[in-house]
Structures are given as structure tokens and as C-alpha cells.
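Visitor: Can you look at this prediction? I've put the sequence above it.
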Amino acid sequence: MAEKSGADILVQCLVDLGVEVVFGYPGGAVLPIYDALYNHPTIKHVLVRHEQGATHMAEGYARSTGKPGVVLVTSGPGATNAVTGITDALMDSIPMVVITGQVPTQLIGTDAFQEADTIGITRHCSKHNYLVKTPGKLAEVIHEAFHIATTGRPGPVVVDIPKNVQIATAPYARPELKVHASYRPQTKADAAGIESAVEMLAAAERPVFYTGGGVINSGPQASALLRELVALTGAPVTSTLMGLGAYPASGDAWLGMLGMHGTYEANWAMNQADLILCVGARFDDRVTGRLDAFAPNSRKIHIDIDRSSINKIVDVDVAIVADVGSALDDIIALWKQRNHQKADLTEWWSRIAGWRARKSLDYAESGTEIMPQRAIADLYSATKATGKDVIITTEVGQHQMWAAQHFGFDAPNKWLTSGGLGTMGYGFPAAIGAQMGNPDSIAICIAGDASVQMNIQELGTATQYRLPVKLFILNNEYMGMVRQWQELTYESRYSNSYSDSLPDFVKLGEAYGWTGIRIEEPKDLEAGIRRMLETDGPVIVDCRVARMSNCFPMIPSGAAHTEMLLDPSQVEGVMSDEAKALV
Amino acid sequence: MHIQEELSQRHVLSLTVSNEAGILARIAGLFTARGYNIDSLTVADITQDHGVSRITIVTNGPPKVIDQIIAQLDRLVPVHKVTDLTEAGPFVERELALVKVAGVGEDRIEALRLADVFRAKVVDTTIESFIFEITGTTDKIDNFVGLMRQIGLVEVGRTGVVGLIRGKEAN
Ligand SMILES: Cc1ncc(C[n+]2csc(CCOP(=O)(O)OP(=O)(O)O)c2C)c(N)n1
Ligand SMILES: [Mg+2]
């Protein structure tokens, strides 16, 4: 059998696995791999400016295409810089394979130059990780790593490859997929759970679908099945931040997002429901609010591919461990087979209409300042008018919540945001990754003035690869979300939440060869957005918005769904220690 | 504000795992990362080809937490099977301890007498000391060590618990 070097084996595996793009940054411990990638005919390498950027680009690429994102970084600082993105991918179940260089095997453990215990550091922030000590094992490991990253509950897998293993040779033949005998994610539901779910759905008087990122992860087919089941049952749908787009925002049954910054109707429907069908969501604290007051009179069905998500926070009546798409398919088949008809939910819908009438997402226009909500709403209508495919990413903060509230998503994989980890610095690189995977789409990052600075160096990456990303900054000169909590919890003592010494974003963009646009007044908003969309190439927009706006509705920490604040007049400005202690 | 603690129950978990580098760190780290308790943990290779190890963990927590611990362990790629022996039915659990006791005269005789009651073996002796080997449940060993403390306990080494389900089936 012909021998290949570890680096060549790795690259051959990537080709065989269909990898087209690698986001990475070179260094001593990955030079052999970089040499194997030199002028590679099929694998495109995107050179980032910071390894964290590479990880979020890979996430954006993965979330928007459904394919795993691939990252290549060097040992030591390269690997430690990747840790935030690896953790982010773990929390949001994003399929990603991270290849890290390592010092040669004989130097491991000696505090060698640029040695870090990458396996130790990433052990609990990856789905799985490997140190490959011989080139003969490499092919098997790479194939298994991709399999683990993309199946079951997806997640990041780290493969640490010492430099001598990249150079040493071993006989190579394309490996059979050999997976740990112990790795067998359950994808098909047990019949009993499906049967209970169908009968409970048919009998429910006040049902609600509570959907999450699992629907997106399961693939576009799962979103289609969700829409079908919603139509069959006539029940309303709400979603977590991660699940937006699985059910269309323009659909009749759509209640809007639920949780801390969810709509009045979504949260009240959850509170008053007699049946909650949780589909690929995980009862996060941002969703449930105070646990003992969460959906108190409901029975609950939970579909999740990860058994450990079930009964972790909220006890459920029916547990269905399965891939969401497969479980929905089974439920629909049995529903039809039993000839169930849509129940009469008129009364339930009329109560929902009452809650909807509160128009909880309304806000007061200021006249002189651009309201951030207005900026998002205008961005939404302007992008819709282009008729093109639009992918939105966000940073973390108020702008993220406003985007979730005021931008309508009608399809899955178009909304990329850091939900679980809440990573400032995610959105901009994620948009670059999404643009890379979807060259014909408009990729827009809705950013905050503070978050965008966390990976602002990636301006250069977009320039280098001619990626026409749009960076739309809602500049309120504050870490708005922090300031909002300080206003609500600490009597407006704005400790370190003012964005002092902001750069001139227009000039900054121009320095990198971007087009820069500043929008300062409400009357310029529409034209500014239009110009951004009509400009070829990357555009940075410094959209100056009302500085002191707060994001409502809001369920204060420790409060129940029924205790939402709808507008600033309901804010007390002080909070108990118990409430303050909650995240 | 004060932090409330929940009531805990003791559970013995038995895991079979692929015998590979880092597996112990993965499991021990999961316990620390998620704030679970480990009272004892034992691990040893149990197959002829050295492919699989058994790990026995004694933990404690409220029922819901125990359930989570099992689900979280089960999710780790190299973990084959997790059995909660405490729930799975009658099981045998044993621990081995080496107990060093020093003393002369009447204390020495009393130590031997107690060792006999507990069926502990003398595995080392000097004029002024014994090392006893004792196997049994955690409780039994605790009792023995407690009594020896009154006589002249020097030090103790314990293996932690191993356990198996009763009956002819493998679990
Ligand atoms: C890496 C990181 N550090 C700190 C935080 C805490 N945090 C959450 S939102 C926020 C402020 C974000 O400010 P900005 O990007 O301007 O968005 P705005 O809330 O003003 O819309 C901070 C500091 C975080 N989420 N991520
Ligand atoms: Mg801001």
C-alpha cells in the first residue's frame, strides 16, 4: 500500500468527506498541513485574522448550509483562541470539526514552545476530542470526528495532531467508517411515545407548539413537517431564539418568540396552555422564567435527540428521544392513520387574539432619533423587497433581541445567532462564514457598537475574499443590554457600560477597503439601508440609534411569564437579592 | 440571601467504558463541571483484550440530579452503558480497606479481637502495630475504622466501592 504523510492523509480525508472550505490560521505546529493545502484544487482555505473568528465563521457556514464547519489552527495560542467558538458550537449544537496542531509527541508534557493541553482544555467544551499519536490512526479518527460532529445532537469535535504525526508516513487506504460501538444516538422514537403524543394532541383544548434549534438542526425537512403538523392540528406555535424560521413568521399560527424578550401572546399562551409540545428545545432559563410558575396547568411532551435534555429542567409527561424530523414524521403518519381531525380551538384562539391585541412589540417613535426597532423593521422590509435570499446574523445584546422580535424569518437556516453562550463577537465572523457558504445570498450582521469590536479585525478577511458582507451596526454608544439591566436592577448606576472612545466605524471600514455609510436621522434611514443593499462589496453601516432605548417586553429575572413588563413605565428600578442573583 | 441545599440520596453507578486515554478525566471532569458529587470512584480494565473498563461511582444527589448524571454519562462517546445499581435491583457492593493500627498490651489484644469480629485479616505486623485487610460494605468499613480510631488508628487506605447486580445475568 502506498504511504502518505499525516498531513496528506488529513487533507485526503477532508476531500473524501466533501469539505470545500477550511477557516484557519497558520503557525509552527500546522506548517505541514498548510503545505499540503498549498494551491489545493478543491479545498478553499479562508485565512482569518484571529482564530476565534475562524470558529464563528465555521459556525455561520455550518448553520446556514447544514454542512459541518471546519477549522484549522496551530497549537498553543491558536488552540486557546478557538476555545470560545468551540464552546459556542457546543451550546448551540453546531456541527464543527476543529483541527489543532500540537507539539511533536516526544515534547508533549514538557512545556514546549506553544504547547497547551488542548485536549484537556477542550474536553468539556467539545462533543468529543482526540489526540492522534500516529499517522496510521489519523484517517479513522477524522472520519469518526465528522460522523460524531454531524450525527445525533450535533456539536464541535476537536482533533489534536502533533507535528511529527503530520510529517511521519503510514500506509493509506480510504478507511471504512469505524465508530465507537458505544456511540449510537437514538434517532427513531419509541412507538409508545408517538402514540401518547398523537392522542394528547388530538384531545388538547389549549395546545402550543414550543419549538427550538433542534428543528433547524434536523434539516429543512423537519421544518416542513412542523408546518404540516401545525396545519393538521390548528395549534399555535412559538419558538426559542434558536428556532426562528422553522415555522414562518408570516404563518397564521405564529405567536412570535417566547421567553425573556418574547411576545405577550407567546408567553401567556405558554402559561395558559393545557398541552405543550416541545420540539427540539431545552427549557432554557431564558425561556421558562420562574420555574415554579412555568406552564403550571399543562401536560408536556418533549421531543429531543439528547436524552439528557429531557427532565433536566422541567419534568415532562411524555419523553420522545428521537431526531425531530423522524418523530414529527411518525406523529403525522399516526395522526392521519387514526383519522384525527383538527379540534375546535376557537375559544383558545380568541384568547390568543386578546393577548395579541396588546401589541407587545409596539414601541414609541421618538421623532428626532432613530428607534432601533424601526431600523430593524426597515431593514426587514428593504431586504424582503430585494427578493433575494437573506441571511441574518447578530451579535449579542439589545440589538440581537430587537432583531429576533422585528425581523421576520420565513425559512430555516437564515437566522444565525449565539443563543446558548451569548458570545459577543459571534455575529460578524458568522456572517462571513455564511456568505462563504452562500455566495448568492445577502449576508447581513446586525451588530451592536460594543460587540462588533470583539472581532472587528475580520474586516480584512471579508476584503481579502471579496465577500460582500453587510455589517449593520445599531450604534447606541452603550453596551445597551448591560445598561438596561443596570437601569432595572441597580438604580441606573451605569458602571462601565458606556462605549467610550468608539472608533469612527465609517473610516474604519474604509481603511479596510469597505464602503462606509453613516445614518444619523430617521429621515435618512430608508435611503441608507437601500444604499447598503445596492452597494456591491462589503458595507459597514454606522446606524446611530436612540441611546437609552430598552428592550421590551421583558420578563425580569425570577419572574413568571405572566409578570412581563411591557413598557418602561412598569419598571421599578430596584430588585430583591434573590432576583439579582439569577443570571 | 442564603443558598438552599437539596436533600441527597446515595447511588452506586456502574459504567462500562472504552479503555482509552482520557476517559477517566472525561468522567471525573463531567462531575466537577456540572457540580455533581463523587463519594468514591474505582476503575479497572475488565476484559481479556483490555478494550473495556468498569468504572464504579458512588455519588449522591436528589433523584432528578441522579437521573441527569446518568443521562450525561451516557452521552459521552466512549461510555457503553450506565447502570444505576441502586435502582436496578439487588446488588452486591464491596470495598477493601487497609487499616494500620498501633498499640501495645491490652490495645493490641482488643484490636485483634475486633478484627476477628469483622473478619479482617492481619496482613502485616510489627511488635507495636498491625495492618488489617478488611472487605465489606462502606458502612462496615466505616464502623471498623471508627472502632480502631479509639484504639490507635494510624492510617487507612480504601479502594472505593465496586458493585455487581445479583443473579446470573451480566448487566
Ligand atoms: C464575550 C462577552 N462578554 C460579555 C458579555 C456580556 N454582555 C451581554 S450584552 C453586552 C453588551 C452588548 O453591547 P452592544 O454590542 O453595543 O449591544 P447593545 O446591547 O447595545 O445592542 C454585554 C457586555 C457577552 N455577552 N459576551
Ligand atoms: Mg450598543
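Guide: Structure's in. What do you need? Ligands and ions are numbered 1, 2, ... in the order given.
Visitor: Could you tell me which residues make contact with residue 116?
Guide: No chain was given, so I picked chain A. Residue A:116 makes contacts with A:75, A:76, A:77, A:79, A:80, as judged by CB atoms under 8 Å, 6 or more residues apart in numbering or on different chains. Where you see a C-beta, it was placed from the backbone N, CA and C, and this is true even at glycine.
Visitor: repeat that with 7 Å
Guide: A:75, A:76, A:79, A:80 (CB atoms under 7 Å, 6 or more residues apart in numbering or on different chains).
Visitor: Now do the phi/psi pair for it.
Guide: Here is the backbone geometry of residue A:116 (degrees, to the nearest 10): phi -140, psi 150.
Visitor: now it, nearest residue through space, not along the chain?
Guide: Ranked by CB to CB, 6 or more residues apart in numbering or on different chains and with sequence neighbours excluded, the top spatial neighbour of residue A:116 is residue A:76, at 4.6 Å.
Visitor: and the gap between the one you found and chain B?
Guide: Note on residue A:76: its distance to chain B, by CB to the nearest CB, to the nearest Å, is 19 Å.
Visitor: just residue A:262 next, same as before
Guide: From residue A:262 to chain B the distance is 26 Å (CB to the nearest CB).
Visitor: Just want the residue of chain B that's nearest ligand 1.
Guide: Going by CB to the nearest ligand atom, ligand 1 is nearest to residue B:33 of chain B, at 19.7 Å.
Visitor: Run through the helices of the stretch 1-150 of chain A in chain order.
Guide: For the stretch 1-150 of chain A, helices defined by DSSP state H, counting those that start in this stretch occupy the ranges A:6-16, A:31-37, A:51-65, A:77-81, A:83-91, A:118-122, A:135-150.
Visitor: before we move on, what about chain B?
Guide: Ranges of helices in chain B, per DSSP state H, are B:23-33, B:63-75, B:85-88, B:106-117, B:138-151.
Visitor: just checking, what packs against the shortest one?
Guide: Taking 3 or more CB pairs under 7 Å, 6 or more residues apart in numbering or on different chains; DSSP states H and E as the contact definition, the neighbouring helices and strands of helix B:85-88 are strand B:9-18, strand B:153-165.
Visitor: Report the distance from the last one to the chain centre.
Guide: The one in question is strand B:153-165. Counting by CA atoms, centre = their mean, to the nearest Å, strand B:153-165 is centred 5 Å from the centre of its parent chain.
Visitor: tell me what that strand is packed against?
Guide: Using 3+ CB pairs under 7 Å, 6+ apart, strand B:153-165 sits against strand B:9-18, strand B:40-45, strand B:52-61, helix B:85-88, strand B:91-102, helix B:138-151.
Visitor: Including distance to ligand 2, mean neighbour count and mean pLDDT, could those go into CSV?
Guide: Converted to CSV, the helices and strands packed on strand B:153-165 look like this (distance: least, CB to the ion, whole Å; neighbours: other CB atoms under 10 Å in any protein chain shown; pLDDT from 0 to 100):
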stretch, distance to ligand 2, mean neighbour count, mean pLDDT
strand B:9-18, 47, 20, 97
strand B:40-45, 47, 16, 96
strand B:52-61, 41, 21, 97
helix B:85-88, 51, 17, 96
strand B:91-102, 57, 18, 98
helix B:138-151, 56, 16, 97
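Visitor: Write out the residues of chain B neighbouring chain A.
Guide: B:1, B:18, B:22, B:25-26, B:29, B:33, B:64, B:67-68, B:71-72, B:74-75, B:77-80 (CB under 7 Å from any CB of the partner chain).
Visitor: Make a PyMOL selection of the buried ones in the residues you listed.
Guide: In PyMOL, a selection of the buried entries from the residues of chain B next to chain A looks like this (16 or more other CB atoms under 10 Å in any protein chain shown):
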select buried, chain B and resi 18+26+67+68+71+72+75+77+78+79+80
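Visitor: OK, contacts around the spatially closest residue to residue A:62 that is not a sequence neighbour?
Guide: Using CB to CB, 6+ apart and skipping residues adjacent in sequence, the residue nearest residue A:62 is residue A:69, 3.8 Å away. Applying CB under 7 Å, 6+ apart, we find residue A:69 in contact with A:58, A:59, A:61, A:62, A:96, A:433.
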